[in-house]
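S.K.: here is my input, please return the structure:
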Amino acid sequence: MIGILLINLGTPEAPTEDAVREYLDVFLSDPYVITLPKILRDILVQKVILPKRPKLSAHAYSLIWTDRGSPLLLNSLALKNALQKKSGGNYCIELGMRYSKPSIEDGIHALVKKNCEKIIILPLYPQFANATTQSTLDVVNAVFKKINYGGEIKIIRDFYNQDFYIQSFAKIIQRSIDTHHPDFVLFSYHGLPKRQRGAELYREHCYTTTQLITQTLHLPPEKYATSFQSRLGFTKWIAPYTDHVIKELRKKNIKKLSVVCPSFVADCIETLEEINIRLRAQWMELGGESFELISCLNADEEWVNALGEWITTSS
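M.R.: Numbering: from 1, shown residues only. Modelled structure (predicted):
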């Protein structure tokens, strides 16, 4: 039996201040996320961020929370279940979250208990970054060392330029374009601080993803751009910034805007709240005529089929 561990970032257990504070405490204490010496990172997190940020973030989560829970968790579980259904009995698929439940350790233990002689580790971050992929792989390696697993381990570090990912996203974008007929498509990726190790490589991965998708869609250069969202604090992040780019688009008299976020395979707070609520409001205040968030891959049937076939051929 071959096991597959899908890994995503994580989510608070509830849209409450306490739950968000607990989640942020774990997330922001990761040295890959805030790359300061531990004593400075602890002061920043405990004395500056956590006293104020949980209330703001809890409100943001409350705007997108569903009756069944967190969108990120639900979309990730939907992908896991769809892949399991497609694979039949040939694979055993589990989900692990880097900073929440179900944990990476729980996922690995579940696969080991099912006697998987080979385990494929698939972090659901298309573009490699230390703050996401490497942090995740450090946990994976620590768990395997602790349990002394004797089977084969295969780790997938990125898939930003792989056909199964590019083609799947391109089809979702094309369907949206055919429906909404935007003047412009903005490819907005999660940002990183410029000083963070590997930030430029991550930026290159993002631009390559945009290039490959737009080539597939035959989009002319004047109809799209790449930008970066989700910056925090006062340090410089990789640019250009999404909220700055849309101001320039309005100056060019772009009226109908579509935004897609290819650094996320599952819709989450960064797409549903940051983009579809806050950026949408900013766009309309700037005088935009229409705004469309193009959905992530989630459990789209063609994406599930393409991912399943790729796993089969690569395992």
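
S.K.: and the strands in this protein?
M.R.: Using DSSP state E, the strands found in the chain span residues 2-8, 91-97, 118-123, 152-155, 184-190, 224-229, 256-260, 290-293.

S.K.: turn those strands into JSON lines, including distance to residue 310, mean pLDDT and mean neighbour count.
M.R.: C-beta coordinates here come from the backbone N, C-alpha and C atoms, glycine included. Output for the strands of the chain, formatted as JSON lines (distance: least, Cβ to Cβ, whole Å; pLDDT from 0 to 100; neighbours: other Cβ atoms under 10 Å):
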{"stretch": "strand 2-8", "distance to residue 310": "11", "mean pLDDT": "97", "mean neighbour count": "24"}
{"stretch": "strand 91-97", "distance to residue 310": "12", "mean pLDDT": "97", "mean neighbour count": "23"}
{"stretch": "strand 118-123", "distance to residue 310": "10", "mean pLDDT": "97", "mean neighbour count": "22"}
{"stretch": "strand 152-155", "distance to residue 310": "13", "mean pLDDT": "96", "mean neighbour count": "14"}
{"stretch": "strand 184-190", "distance to residue 310": "22", "mean pLDDT": "98", "mean neighbour count": "25"}
{"stretch": "strand 224-229", "distance to residue 310": "25", "mean pLDDT": "98", "mean neighbour count": "21"}
{"stretch": "strand 256-260", "distance to residue 310": "21", "mean pLDDT": "98", "mean neighbour count": "22"}
{"stretch": "strand 290-293", "distance to residue 310": "26", "mean pLDDT": "98", "mean neighbour count": "18"}
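
S.K.: closest to residue 308 out of those?
M.R.: Proximity to residue 308 (Cβ to Cβ) singles out strand 91-97 among these, at 8.6 Å.

S.K.: wait, which of the strands of the chain is closest to residue 206?
M.R.: Closest approach to residue 206 among those (Cβ to Cβ): strand 184-190, 4.4 Å.

S.K.: off-centre distance for that closest one?
M.R.: Relative to the chain's own centre, strand 184-190 is displaced by 14 Å; criterion: Cα atoms, centre = their mean, to the nearest Å.

S.K.: isn't residue 186 up against residue 246?
M.R.: Yes - in this structure, residue 186 is within contact of residue 246 by Cβ atoms under 8 Å, at 7.1 Å.

S.K.: any chance you could list residues touching both of the two?
M.R.: Shared contacts of residue 186 and residue 246, defined by Cβ atoms under 8 Å, 6 or more residues apart in numbering, are found at residue 257.

S.K.: which residues sit in contact with the residue lying closest to residue 151 once chain neighbours are set aside?
M.R.: Distance criterion Cβ to Cβ, 6 or more residues apart in numbering; nearest residue to residue 151, sequence neighbours excluded, is residue 117 at 4.6 Å. Residues in contact with residue 117 (Cβ under 8 Å, 6+ apart) are 1-2, 151-152.

S.K.: tell me the centre residue of the chain?
M.R.: residue 264 (3.0 Å; Cα atoms, centre = their mean).

S.K.: tell me the contacts of that residue?
M.R.: Contacts for residue 264 (Cβ under 8 Å, 6+ apart) come out as 190, 270-271, 296.

S.K.: ok, now with 10 Å
M.R.: Under the criterion of Cβ atoms under 10 Å, 6 or more residues apart in numbering, the neighbours of residue 264 are 8-9, 72, 75, 124-126, 188-190, 270-271, 275, 296-298.

S.K.: what of residue 294?
M.R.: Residue 294 makes contacts with 169, 172-177, 180, 182, 185-187, 258-262, 271, 275, as judged by Cβ under 10 Å, 6+ apart.

S.K.: hmm, back to that, same list (the strands of the chain) but as a markdown table, adding distance to residue 55.
M.R.: Formatted as a markdown table, the strands of the chain follow (distance: least, Cβ to Cβ, whole Å):
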| stretch | distance to residue 55 |
| --- | --- |
| strand 2-8 | 25 |
| strand 91-97 | 23 |
| strand 118-123 | 30 |
| strand 152-155 | 38 |
| strand 184-190 | 23 |
| strand 224-229 | 21 |
| strand 256-260 | 27 |
| strand 290-293 | 25 |
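
S.K.: what's the closest of the ones you listed to residue 200?
M.R.: Nearest to residue 200 among the strands of the chain is strand 224-229 (12.2 Å), distances taken as Cβ to Cβ.

S.K.: please save the CA atoms from the closest one in CSV.
M.R.: Once non-C-alpha atoms are left out, strand 224-229 reads as follows in CSV (Å, rounded to 0.1, in the frame of the first residue of the first chain):
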residue,chain,number,x,y,z
TYR,A,224,-2.3,40.4,-17.0
ALA,A,225,0.2,41.1,-14.3
THR,A,226,1.8,39.4,-11.3
SER,A,227,1.7,40.9,-7.7
PHE,A,228,2.1,39.9,-4.1
GLN,A,229,-0.3,40.2,-1.2
